[in-house]
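K.L.:
Sequence and predicted structure are below.
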Amino acid sequence: MDNNQKLKEQVRDEFSEYLTLHRQRKTKERFAILEHIYSSTEHFDMESLLNSMNESSIRVSRATLYNTMELLLDCGLVIRHKFGTAATTYERTYGNENHSHLICTTCGNVWESDSGNLFTPAMRKKIKKFTINYYSMYIYGTCSKCTHAKRVAVYKLRRENEKAQAKKDKKI
Ligand SMILES: [Zn+2]
Ligand SMILES: [Zn+2]
């Protein structure tokens, strides 16, 4: 059994336990949604999830999808991100851990970066009363494209000002 298969079983057990504890029905649609989410490590929004499930011939209603997503969020198997003005995105939590999100505050694009393990053994010791399952970081900044675009804009503006000044100087 490969690691992802093992992980899928583990999250299925966890979800099953959660559903029992919360007196929720264990429908095959709910498990199919979980299984589908854990088949990829990509970020997704509700529309793209619905589309990709349809493409895989998994028939679930929008209502079931929304309702199941709330359960998956509540039991911590899926995490919700709101990156700036972009649509709400989601991603699985397990098997996708320890990465950072680089968010450009100008264009709103998001990149994932593998940050390795940021917790040194000394840091782990300090927070020993807390079991870390995973972490996800947000790093805000400006991407190279936007930095470049800004430089170009500033340069153009300067040139225009210089030209205007030169014209004025000539008139005098
Ligand atoms: Zn940008
Ligand atoms: Zn992510």
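P.N.:
Sure thing, it's come through. Just so we're clear, the structure is a prediction, and the values are computed from it rather than from any experiment. Ligands and ions are numbered 1, 2, ... in the order given.

K.L.:
Let me see the contact set for the closest residue to His81 other than its chain neighbours.
P.N.:
Among residues not flanking His81 along the chain, Thr89 sits closest, at 4.9 Å (C-beta to C-beta, 6 or more residues apart in numbering). Bear in mind the C-beta positions are built from the backbone N, C-alpha and C, glycine included. If a contact means C-beta atoms under 8 Å, 6 or more residues apart in numbering, then Thr89 has His43, Phe44, Asp45, Arg80, His81, Lys82, Phe83, Val110 as its contacts.

K.L.:
Now with 6 Å, please.
P.N.:
Shown in contact with Thr89 (C-beta atoms under 6 Å, 6 or more residues apart in numbering): His43, Asp45, His81.

K.L.:
So which of the residues you listed are in strands?
P.N.:
His81 (DSSP state E).

K.L.:
Narrow the contacts of Thr89 to those that are buried.
P.N.:
The neighbour-count criterion (16 or more other C-beta atoms under 10 Å) marks His43, His81 among those as buried.

K.L.:
Distance-wise, check the residue nearest to His81 relative to ligand 2.
P.N.:
In this view, Thr89 and ligand 2 are 8 Å apart by C-beta to the ion, to the nearest Å.

K.L.:
swap in Arg159?
P.N.:
To ligand 2, Arg159 is 41 Å away according to C-beta to the ion.

K.L.:
is it true that Leu72 touches Val78?
P.N.:
Yes - taking contacts as C-beta atoms under 6 Å, Leu72 lies within contact range of Val78: 4.2 Å.
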